[in-house]
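> fold the following for me, if possible:
(one chain, ligands or ions: 1)
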Amino acid sequence: MNPSALPPVTAFPGTIVQARIDSAAITDNARAIAARIAPATLLSVVKADAYGHGLATAVHACRAAGVVDFGVATVPEALQLVALLGDDPDLRAERILCWLYDAAADLSGCARAGVELGVSTAGALDQVVRAAQTAGRAVRIHLKVDTGLGRNGFTPPDLTAFLPELARTAERAPGAVEVVGLMTHFANADAVGDPATDEQLAVLDTARSALVRTLEATGGALGDPAALLVHAANSPAALSLDPVPGDLARVGLSTYGLSPFAGTTAAELGLRPAMRLVSRVLAVKEVPAGHGASYGLTYRCAAPTRFALVAGGYADGIPRAASNRAEVAIGGVRYPVVGKIAMDQMILDLGPGGDGAAPVAAGDEVVIIGDGVTGPSAEEWAAWSDTVNYEIVTRIGARVARVVCDES
Ligand SMILES: *Cc1c(COP(=O)(O)O)cnc(C)c1O
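Numbers count the residues shown, from 1 in each chain. You can find the predicted model right below:
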């Protein structure tokens, strides 16, 4: 058979581990964020399959909140989004912005579809110009400045050297590019009050003045300086700075109901986690004192107890680093994950059965990731595995079924 015709494994019946996506939560979160950042406009970041929540689900939910601007990292993500929007006449994104590609990238598909591109180097501008010429239409670009993060973008001296080159594009390739935006990305916006954020904004403002002068000097041939969109804010900046700087805020994480701040819950921010990762108990058994659990026997029960076997392991995106630290919930009661989390399954110590013990049986639903009340939050999982909630949701594996349930 043709391997490319093989459907994803979740297309077959019997998937136990499910990521239930509450699309109404995404809509409500997007509305709340849009209200907070006004008059800046919300650009919803839907890279990495909408942070593991499913691109189509997230885009529909954001559109329901009035969002018309979307951002992705890679070219394939942009083209996937184009395909999604093109298939649905109700979905007409005004803006798809893509900012991560290499020198080998063919940008003509993006150019043809009207995808806007971040430009971080002189070479990238040449690539965009070639793509515009191939597509026979102007490409709207956002210059990216590195104001301190050290990732993509022109450093201030690089920008000074680049702007005359940009100006020459007006004669070299008239009508190929239109500069519509100037963007940067914060390094430490989740540390509220860190002076690094203000320093980055000051560098951005200097870059803006220089770019506006270049746009004015070229008489608008490269774009209208008065219409230039400046954008910097990500989730932590959009939820902490007052006012939110710039014309747009590029918000991913918090749209999905997750807190960007250590020590602040989503609920405290007025957000609702949109993903609930659930599984089921496969078996419950009684074991004697000293019985080991999972590879390496890193856990042995001190007294006779009950072990529950639960479907879900690191192939599903559950971090092995959280072994012997994590908890999950059954019927609202938390139980410890004992021993090493394996590829496909994990073990819980339910404690001894008998009087007063909660009855747990094969088939019971297990909440692996919840909202902190229904089950442990993504933030708790992040703490148990020395990472951030961003990684917890984006690492959910391809084997996990995404099930959309509008819980409102
Ligand atoms: C991922 C990303 C964002 C979104 O950041 P969140 O903290 O998830 O809101 C914004 N801008 C850029 C450049 C990004 O790569």
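> hey, let's count contacts and neighbours off CA atoms from now on
OK.
> residue contacts, the residue in the stretch 1-150 of the chain that the ligand sits nearest to?
The ligand sits closest to Val45 of the stretch 1-150 of the chain, with a gap of 5.7 Å, by CA to the nearest ligand atom. If you count contacts by CA atoms under 8 Å, 6 or more residues apart in numbering, Val45 has them with Phe70, Gly71, Val72, Arg250, Val251, Gly252.
> just checking: which of those also lie near the ligand?
Near the ligand, judged by CA under 6 Å from any ligand atom, the entries from the contacts of Val45 are Arg250, Val251, Gly252.
> write the PyMOL selection for whichever of the residues you listed are buried.
For the buried members of these, the matching PyMOL selection, counting by 16 or more other CA atoms under 10 Å, is:
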select buried, resi 250+251+252
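> among the ones next to the ligand among the contacts of Val45, which are in strands?
The strands, defined by DSSP state E, take in Arg250, Val251 from the ones next to the ligand among the contacts of Val45.
> and the ligand, is stretch 264-273 touching that?
No. Stretch 264-273 lies out of reach of the ligand by CA under 6 Å from any ligand atom, never closer than 13.4 Å.
> hmm, who's touching that stretch?
Under CA under 8 Å, 6+ apart, the answer for stretch 264-273 is Ala25, Ile26, Asp28, Asn29, Ala32, Ser254, Tyr256, Gly257, Leu258, Ser259, Gly370, Asp371.
> would you indicate which residues of stretch 70-81 are buried?
Neighbour-count burial for stretch 70-81 [16+ other CA under 10 Å]: Phe70, Gly71, Val72, Ala73, Thr74, Val75, Glu77, Ala78, Leu79, Leu81.
> now do the spatially most central residue of the chain, the pLDDT please.
Against the mean C-alpha coordinate of the chain, by CA atoms, centre = their mean, the closest residue is Tyr51 at 3.4 Å. pLDDT recorded at Tyr51 is 98.
> just give the closest residue to it, not the sequence neighbours.
Thr394 (4.8 Å; CA to CA, 6 or more residues apart in numbering).
> quick one, phi psi at that neighbour?
Thr394 has phi and psi values of phi -80, psi -20 when expressed as degrees, to the nearest 10.
> what's near enough to touch it?
Ala48, Asp49, Tyr51, Gly52, His53.
> who in the chain is up against the ligand?
Val45, His185, Asn234, Ser235, Arg250, Val251, Gly252, Leu253.
> and those as TSV, adding pLDDT?
As requested, those are arranged in TSV below (pLDDT from 0 to 100):
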residue	pLDDT
Val45	98
His185	98
Asn234	98
Ser235	98
Arg250	98
Val251	98
Gly252	98
Leu253	98
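> which pair of those residues spans the longest distance?
Across these, the longest distance by CA to CA is 14.4 Å; it joins His185 and Leu253.
> right, and Val404 touches Arg20 too?
Yes. Val404 is within contact range of Arg20, at 5.8 Å (criterion: CA atoms under 8 Å).
> between those two, who's got more neighbours?
Applying other CA atoms under 10 Å to Val404 and Arg20 shows that Arg20 carries more neighbours, namely 20 against 17.
> which secondary structure element contains the more buried one?
When elements are assigned from DSSP states H and E, Arg20 belongs to strand 18-21.
> what's that strand packed up against?
Applying 3 or more CA pairs under 8 Å, 6 or more residues apart in numbering; DSSP states H and E, one finds that strand 18-21 contacts strand 275-287, strand 401-404.
> so where do the strands sit in the stretch 51-200 of the chain?
69-74, 95-100, 116-119, 139-144, 177-183 (DSSP state E, counting those that start in this stretch).
> show me the contact partners of the fourth one.
Read it as strand 139-144. Here strand 139-144 has contacts from 111, 114-120, 128-129, 132, 152-154, 176-184, using CA under 8 Å, 6+ apart.
> for Ala401, which non-adjacent residue is spatially closest?
Gln18 is the one closest to Ala401 (CA to CA, 6+ apart), at 4.8 Å.
> my read: the one you found touches Arg402, true?
Yes. Gln18 is within contact range of Arg402, at 5.9 Å (criterion: CA under 8 Å).
> show residues contacting the helix ranked longest in the chain.
As assigned by DSSP state H, the longest helix anywhere in the chain is helix 195-217. Helix 195-217 is contacted from outside by 145, 147-148, 156, 159-160, 163-164, 167, 182, 184, 186-189, 221-225, 228, 230, using CA under 8 Å, 6+ apart.
> quick one: buried residues of that helix?
196-197, 200-201, 203-205, 207-208, 211-212, 214-216.
> right, and the pair among these with maximum separation?
The most distant members of those, if one measures by CA to CA, are Ala196 and Glu216, lying 30.3 Å apart.
> Arg320: which of the strands of the stretch 51-200 of the chain is closest?
Nearest to Arg320, of all the strands of the stretch 51-200 of the chain, is strand 69-74, at 27.2 Å by CA to CA.
> contacting residues for the residue nearest to Asp344 when sequence neighbours are not counted?
Distance criterion CA to CA, 6+ apart; nearest residue to Asp344, sequence neighbours excluded, is Gly313 at 4.1 Å. Gly313 makes contact with Pro319, Arg320, Ile341, Ala342, Met343, Asp344, Gln345, Met346, according to CA under 8 Å, 6+ apart.
> quick check: phi and psi at Gly313.
Backbone torsions of Gly313, given as degrees, to the nearest 10, read phi -150, psi -160.
> show me what counts as buried in stretch 395-408.
For stretch 395-408, by 16+ other CA under 10 Å, it's Arg395, Ile396, Gly397, Arg399, Val400, Ala401, Arg402, Val403, Val404.
> what's the closest of those to the ligand?
Arg395 (14.2 Å).
> the closest one against Gly317, yeah?
Yes. Using CA under 8 Å, Arg395 makes contact with Gly317 at a distance of 5.0 Å.
> so in terms of bridging, what pairs with the residue nearest to Ala401?
Following DSSP bridges, Gln18 is listed with bridge partners Val278, Ala401.
> how near is it to Val403?
7 Å (CA to CA, to the nearest Å).
> just Ala289 next, same as before
Computed as CA to CA, the Ala289 to Val403 distance reads 40 Å.
> then Gln345?
20 Å.
> likewise for Ala274?
11 Å.
> now distance to Pro304 and pLDDT too, for the buried residues of helix 195-217, in JSON lines please.
Output for the buried residues of helix 195-217, formatted as JSON lines (distance: CA to CA, whole Å; pLDDT from 0 to 100):
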{"residue": "Ala196", "distance to Pro304": "54", "pLDDT": "97"}
{"residue": "Thr197", "distance to Pro304": "54", "pLDDT": "97"}
{"residue": "Gln200", "distance to Pro304": "58", "pLDDT": "98"}
{"residue": "Leu201", "distance to Pro304": "60", "pLDDT": "98"}
{"residue": "Val203", "distance to Pro304": "63", "pLDDT": "98"}
{"residue": "Leu204", "distance to Pro304": "63", "pLDDT": "98"}
{"residue": "Asp205", "distance to Pro304": "65", "pLDDT": "98"}
{"residue": "Ala207", "distance to Pro304": "67", "pLDDT": "98"}
{"residue": "Arg208", "distance to Pro304": "68", "pLDDT": "98"}
{"residue": "Leu211", "distance to Pro304": "71", "pLDDT": "98"}
{"residue": "Val212", "distance to Pro304": "73", "pLDDT": "98"}
{"residue": "Thr214", "distance to Pro304": "76", "pLDDT": "97"}
{"residue": "Leu215", "distance to Pro304": "75", "pLDDT": "97"}
{"residue": "Glu216", "distance to Pro304": "78", "pLDDT": "97"}
